[in-house]
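Participant: Pasting the sequence and the predicted coordinates here, then a few questions.
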Amino acid sequence: MLESALLPTPLADCTDEALARAGVELRLKRDDLAHPLVPGNKWRKLAPNLAAAVEGGHTRLLTFGGAYSTHLRAVAVAAAALGLESVGLVRGEELADRPRNWSLRAAEAAGMELVFLTRAEYREAAGRAGEGAGWRWGAGLVLPEGGSNSLAVTGAAEIVAELADLGERDVVCCPVGTGGTLAGIAAGLPPGARALGVAVLRGGEGYLEDEVTRLHREAYGREFDGWRIDHGHHGGGYGRVPAALEEFAAGFERRHGIALERRYVAKTLAALYDLTAAGAFPPGTRLTAVVTGLPDPA
């Protein structure tokens, strides 16, 4: 069986001189410590879906992801622990004949069957995920890319449930890839608190906002206010880590002794520092940044 997560995850005070000068506090919600193999928002989003899979009698999970998808690895590990088969539909047919990177090796080592698709095939398959991918890849419970569906949103809302002291001065922050984590956080906020998502992919203006709204409707039958998405800190695109971001992350690690995942977490924190310097947060604001995943292995 899958080992239970260590919940609630701890909070770490990371307010430093640059933030303190602006009257802004920063703390990290260390969801990267939730589970050693299914960390961060992956545990939050997968747990209710796994429960539904077992309850529904499914024996197979099918899902989607890119070459370094944390979601693929998490599904592979979780499925194996529950005695389920797993299939990962991977974006990029050119990867099929190349040596596996560390991420895809880990998914295969956990028992996941990898199917490499052209980008056009991937878009078609991902777009039909709600219909069930059994039309081509056999029967099974289909999880969307990033695991963001209505059940995942309710799982992500538990992050806020563990933050009992939120009020009008608080902004809960997270990276945004597919929108599920931000949707859950925004839905769980008490009156007055706000949510800020930091887009990690380029060109998501409007689309990501629509996705969060769609997930709110699917999960709760209503829309929520008090959230927004910053689109200015994607670093050039999904998976890109420019030199300035690497320099920022390395400096943060030296100051606070916390290793940062670069493609999501470091972008979020860099955005918070930039926005603070630009006066986007009034003095007295407390930022809680959700650490959604672990750094890549060295």
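Facilitator: Right, received. Where do you want to start? Residues are numbered from 1 along each chain as shown.

Participant: ok, now how distant is G284 from F224?
Facilitator: 24 Å (CB to CB, to the nearest Å). Placement of C-beta: from N, CA and C, glycine included.

Participant: between those two, which one's more packed in?
Facilitator: Using other CB atoms under 10 Å, the more surrounded residue of G284 and F224 is F224, with 17 against 10.

Participant: right, and that one touches G184 too?
Facilitator: No. F224 is beyond contact range of G184, at 10.2 Å (criterion: CB atoms under 8 Å).

Participant: Now do the strands in the stretch 51-200 of the chain.
Facilitator: 60-65, 85-91, 113-117, 141-142, 170-176, 194-199 (DSSP state E, counting those that start in this stretch).

Participant: Packing partners of the shortest one?
Facilitator: Which is strand 141-142. helix 40-55, strand 60-65 (3 or more CB pairs under 8 Å, 6 or more residues apart in numbering; DSSP states H and E).

Participant: and if we set it to 6 Å?
Facilitator: Taking 3 or more CB pairs under 6 Å, 6 or more residues apart in numbering; DSSP states H and E as the contact definition, strand 141-142 has no neighbouring helices or strands.

Participant: tell me the mean pLDDT for that strand?
Facilitator: The predicted model assigns strand 141-142 a mean pLDDT of 90.

Participant: Give me the sheet partners of it and which way each runs.
Facilitator: Paired with strand 141-142 in the same sheet, following DSSP bridges, are strand 60-65 (parallel).

Participant: What is the burial count for G206?
Facilitator: Residues contacting G206 under the criterion other CB under 10 Å number 10.

Participant: Could you check how far it is from H216?
Facilitator: 16 Å.

Participant: Output the lowest mean pLDDT helix or strand found in the chain.
Facilitator: helix 134-137 (a mean of 62; mean pLDDT, DSSP states H and E).
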